[in-house]
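K.L.:
What follows is a predicted structure for the sequence shown.
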Amino acid sequence: MIEAAFICANCHVTGFAVSGHAGYADSGKDIVCAAVSSAVQLTANGITEILHYPAEVSAEGDTVRLHTSGELPEGVQAMLDAFRLHIELLRDDYPKFIRIRYLEV
């Protein structure tokens, strides 16, 4: 199962940690894993490489984390909110394979 933890402040996502494997299908054919992995990469790269925001991104084993600090520019906040929505919609479609937690700070 994929575990997505969203770090939130004042009802806005400020970071996330995504880990695990969906187990929907064999490696290389797992559309749930592919969808989540692609969304994680798009969000992290969009924030750091396109918007040039100095987020802390780390990948260890099967876990990717993105951490921000301070007030977020509108574009960064929009990317994080869009990522949360995307993962929620994937979870709604594949509830046995994705679990979401929200951690208010």
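P.N.:
Right, received. Where do you want to start? Numbering: from 1, shown residues only.
K.L.:
Looking at this structure, name the residue that lies furthest from the middle.
P.N.:
Relative to the mean C-alpha coordinate of the chain, counting by C-alpha atoms, centre = their mean, the farthest residue is residue 26 (22.2 Å).
K.L.:
middle-most residue in the protein, spatially?
P.N.:
residue 40 (4.9 Å).
K.L.:
hang on, isn't that one packed against residue 64?
P.N.:
Yes - using C-beta atoms under 8 Å, residue 40 makes contact with residue 64 at a distance of 5.3 Å. For glycine as for every other residue, the C-beta is placed from the backbone atoms N, C-alpha and C.
K.L.:
list residues touching both of the two?
P.N.:
residue 18 (C-beta atoms under 8 Å, 6 or more residues apart in numbering).
K.L.:
Just the mean pLDDT for whichever helix in the chain runs longest, thanks.
P.N.:
Looking across the chain with DSSP state H, the single longest helix is helix 74-93. Averaging pLDDT along helix 74-93 gives 97.
K.L.:
Same check on stretch 46-56?
P.N.:
98.
K.L.:
export it as CSV, just CAs?
P.N.:
C-alpha atoms of stretch 46-56 as CSV (Å, rounded to 0.1, in the frame of the first residue of the first chain):
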residue,chain,number,x,y,z
GLY,A,46,7.8,21.8,-10.6
ILE,A,47,8.4,23.4,-7.2
THR,A,48,12.2,23.3,-7.2
GLU,A,49,13.1,23.5,-10.9
ILE,A,50,10.3,25.5,-12.5
LEU,A,51,9.2,27.8,-9.6
HIS,A,52,12.8,27.8,-8.1
TYR,A,53,11.5,27.5,-4.6
PRO,A,54,14.2,26.0,-2.3
ALA,A,55,12.1,23.1,-0.9
GLU,A,56,14.0,20.3,0.8
